[in-house]
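K.L.:
sequence? don't have it. structure:
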C-alpha cells in the first residue's frame, strides 16, 4: 500500500496532512512540556528529528532480520540507543540547552512519534523512503513545536527566540525579539494550560485552512456563491 | 386572540431569559453592597464586562452564521459578565477585564457550542484564567470604605482602571488591603493564633469588617432566587453545610490554628458561589441526588484549597473541578424510572 506513495506525497504527509502533532496527536508529552519558548521547541524538535531519522533508517535496514514477535522490544532498544547518543551529544555541545531540556531528552524514547513511524512505516519500507519519511515527519513535528513555543513565549513573556544563541551559536543572538520591558505577559501561556489551549487553537487553524482549501478546490471560480453541500457532478461515476 | 397552550398550566413558563433576568435582579443587593464598600470601580467593571460580553457573543454568533438576537436576548452573557465583574478586584486594569470576558465568552462558552453546551462555568473559568495569568493584579483589593482614609471618586476610579494612574499623593499601600482570607492565612503563617489575629481592626463579627456585608447581601439575593424558584436548595445548602462541617471538624480539633466555621462562610466568594455560581444550570449536576453530592464536594474542596492550597480563595477552582465531574455524577445518580428495576443499565 505504501509503495504507491511518491516522495512528494511522503513529504506532504509529514509536513501537513498527516502531521504527527496536529493530526496524529502523537508525542504530546514533550510537545506540551518543552514548548515554553520558541528556542526550546526548536531544540526539542531537532533532537526528536535526529533520533527519528537514525531510528527509521536502522529499523528499515534490519526489518527483514527481526522476527515479528520481538520487533517492538528491538525497535525500542534501537531508539533508546540513539536517544542516549543524542542526549550525550547535547550535553557535550549545547550544555545550556541541555540544562533547559534535560529532563525531556530521555523521554524521547517514549515519544510515540518515533515508535509509531518505526512500526507503521520504516519496518515496511526501503531505507531511502524511510529516511524521507523520518525527515518530513520530524520537520513537521519541529515546526509545530517551534510555532507553539513561539506563541507561548510571545504571549507569556513578551519575547521571541529568547536565548536562541544557546542553540544556534552566538550569531543567533540577534534573532531574539522583545516586546519591551513594559509588556505584561499572561503567565498562563507559559504554564501547562497555555500549551493545551495553544495546541487546540493550532489544530483549529489547520482544520480551518483545510476546509477553506477543500472548498476552494470544489467550487469553480465562476460560481462563487454556490453552497458547498453536494459534490460536483464530475465526481459521479461514469456509466 | 389569547395564547392557547396545553396543560400543564404553570404560572411561569420557564424561559432562559426569565431565569437570567431574575439572577440579575438577585445580584442587585450584592452589587450595591460592593459599590458602597469598594467604590465606583465595581460599577465600571460591570459596565465594561457587560459591553464586552455582549459584543463578543454577537460577533461569535455572526461568525457561526447563527441568529444574533436570541443569543443576546437571553441575557446569559450579561449574567456571566455580572458574576465575573463581582469577582474581580474593583481596580483591575481595563484590558484584563476585556481579556477575561473574551476568554469566557469565546473560548469557554462559544467554542463548546454556546449556551447549554459549555462544560465549565464561563465566569469562573475567566476568573481563574486571569488569576493564574496576572496573580498580582488579581489579588490587589481595595480596603473596604470603613477601613480606608481615602475612597476613590468616580473620576479617580476611571483613571485608575483605564490609565493605571493613581490619584496624586496616594500610593497603592494606602488604598489596598489584604482580603480577610489573605490576612488570615498570612498571619497564621507567621505563627499568630486566631485570638491574636481577630483582635486586629480588620475583623467584624464573622469575617472581615465590611466583607461580611457583601456576603450578607449575596445571601439576600440567594434567598430571592430560592423564593422565585430559580434555584433549588440542594446545591447551596449542601455546599455551605459541607464547608461548615469540614471547617468545624478542624476548628474543634484546634481552634487556635483553624478559623471558626462561620469565618469560612462569610469570607471570599462562599455565599456568592453557593447561590449564584455552583447553581449554574448548564455546568452543574441536574439530578437531585447528584446536586447534593456536587454541592458537598464543592464545599469540602473549598475548605481544602483554602487551607492547604496556593491561592487565597478557592470557590472558582472548586467549582471548575466539580464541573468536570458533573456529567459522571449525573450518570450514576439517575433516578429510577417508575416501573423499572432498581438498577439502571450502564
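P.N.:
Ah, there it is. Since the model is a prediction, treat every value here as computed from it, not as a measurement.
K.L.:
quick one: contacts for whatever residue of chain B ends up closest to chain A?
P.N.:
Across chain B, no residue is closer to chain A than residue B:133, which sits at 3.8 Å (CB to the nearest CB). Bear in mind the C-beta positions are built from the backbone N, C-alpha and C, glycine included. Shown in contact with residue B:133 (CB atoms under 8 Å, 6 or more residues apart in numbering or on different chains): A:186, A:187, A:188, A:189.
K.L.:
again, but for residue B:134
P.N.:
A:184, A:186, A:187, B:96.
K.L.:
coming back round to it: what is the nearest of the contacts of residue B:133 to residue B:328?
P.N.:
residue A:188 (26.3 Å; CB to CB).
K.L.:
That closest one touches residue B:132, doesn't it?
P.N.:
Yes. Counting by CB atoms under 8 Å, residue B:132 is a contact partner of residue A:188 at 4.6 Å.
K.L.:
which of those two has more neighbours?
P.N.:
residue A:188 (21 against 17; other CB atoms under 10 Å in any protein chain shown).
K.L.:
what helix or strand is the closest residue to residue A:110 other than its chain neighbours on?
P.N.:
Spatial nearest neighbour of residue A:110, chain neighbours left out: residue A:29 (7.4 Å); criterion: CB to CB, 6 or more residues apart in numbering or on different chains. Under the criterion of DSSP states H and E, residue A:29 resides in helix A:28-34.
K.L.:
which secondary structure elements does that helix contact?
P.N.:
helix A:38-61, helix A:127-157, helix A:192-218 (3 or more CB pairs under 8 Å, 6 or more residues apart in numbering or on different chains; DSSP states H and E).
K.L.:
tilt between the shortest one and helix A:127-157?
P.N.:
Angle, helix A:38-61 to helix A:127-157, by axes from the mean of the first three to the mean of the last three CA atoms, to 10 degrees: 160 degrees.
K.L.:
Off-centre distance for helix A:38-61?
P.N.:
Distance of helix A:38-61 from its chain centroid, counting by CA atoms, centre = their mean, to the nearest Å, is 10 Å.
K.L.:
after it comes which helix or strand?
P.N.:
Next element after helix A:38-61 (DSSP H and E): helix A:71-93.
K.L.:
by how many degrees do that following helix and helix A:38-61 diverge?
P.N.:
Going by the same axes, to 10 degrees, helix A:71-93 makes 140 degrees with helix A:38-61.
K.L.:
any idea how far helix A:71-93 is from the chain center?
P.N.:
18 Å.
K.L.:
What residues sit buried inside that helix?
P.N.:
A:71, A:74, A:75, A:76, A:78, A:79, A:80, A:82, A:83, A:86, A:87, A:90 (16 or more other CB atoms under 10 Å in any protein chain shown).
K.L.:
Mean confidence (pLDDT) on the helix or strand following it, please.
P.N.:
Sequence order places helix A:95-101 as the next helix or strand after helix A:71-93, per DSSP H and E. What helix A:95-101 shows for mean pLDDT is 80.
K.L.:
List the buried residues in helix A:95-101.
P.N.:
Those would be A:97, A:98, A:100, A:101, for helix A:95-101 by 16+ other CB under 10 Å.
K.L.:
Endpoints of stretch B:7-16, how far apart?
P.N.:
20 Å (CA to CA, to the nearest Å).
K.L.:
Could you pick out the residues of chain A near chain B for me?
P.N.:
Contact residues (CB under 8 Å from any CB of the partner chain) of chain A with chain B: A:184, A:186, A:187, A:188, A:189, A:191, A:193, A:197.
K.L.:
ok, back up a step: for residue A:103, see how far away the residue nearest to residue A:110 is.
P.N.:
11 Å (CB to CB, to the nearest Å).
K.L.:
Name the residue in these two with the higher neighbour count.
P.N.:
Each of residue A:29 and residue A:103 has its neighbours counted (other CB under 10 Å); residue A:29 has more, 14 against 10.
K.L.:
how close does the more buried one sit to chain B?
P.N.:
Using CB to the nearest CB, to the nearest Å, we find residue A:29 at a distance of 21 Å from chain B.
K.L.:
Contact partners for that residue?
P.N.:
Applying CB under 8 Å, 6+ apart, the residues contacting residue A:29 are A:104, A:107, A:110, A:111.
K.L.:
Between the contacts of residue B:134, which sits nearest residue B:307?
P.N.:
For the contacts of residue B:134, the nearest to residue B:307 is residue A:187 (24.1 Å; CB to CB).
K.L.:
still on that earlier bit, ok, and the most crowded of the contacts of residue A:29?
P.N.:
residue A:111 (25 neighbours).
K.L.:
so where's chain B uncertain?
P.N.:
Under the criterion pLDDT under 70, the flagged ranges of chain B are B:1-5, B:8-13, B:149, B:341-346.
K.L.:
What parts of it come near chain A?
P.N.:
Checking chain B against chain A by CB under 8 Å from any CB, the hits are B:99, B:107, B:129, B:132, B:133, B:134, B:135.
K.L.:
Next, count neighbours for the nearest residue to the second one once chain neighbours are set aside.
P.N.:
What sits nearest to residue B:107 in space, not counting adjacent residues and going by CB to CB, 6+ apart, is residue A:197, at 7.2 Å. Residues within reach of residue A:197, counting by other CB under 10 Å, total 18.
K.L.:
my read: residue A:197 touches residue B:108, true?
P.N.:
No. Residue A:197 is not in contact with residue B:108 according to CB under 8 Å; the separation is 10.5 Å.
K.L.:
just wondering, since we're on the residue of chain B closest to chain A, how far is it from residue A:194?
P.N.:
If you measure residue B:133 against residue A:194 using CB to CB, the figure is 9 Å.
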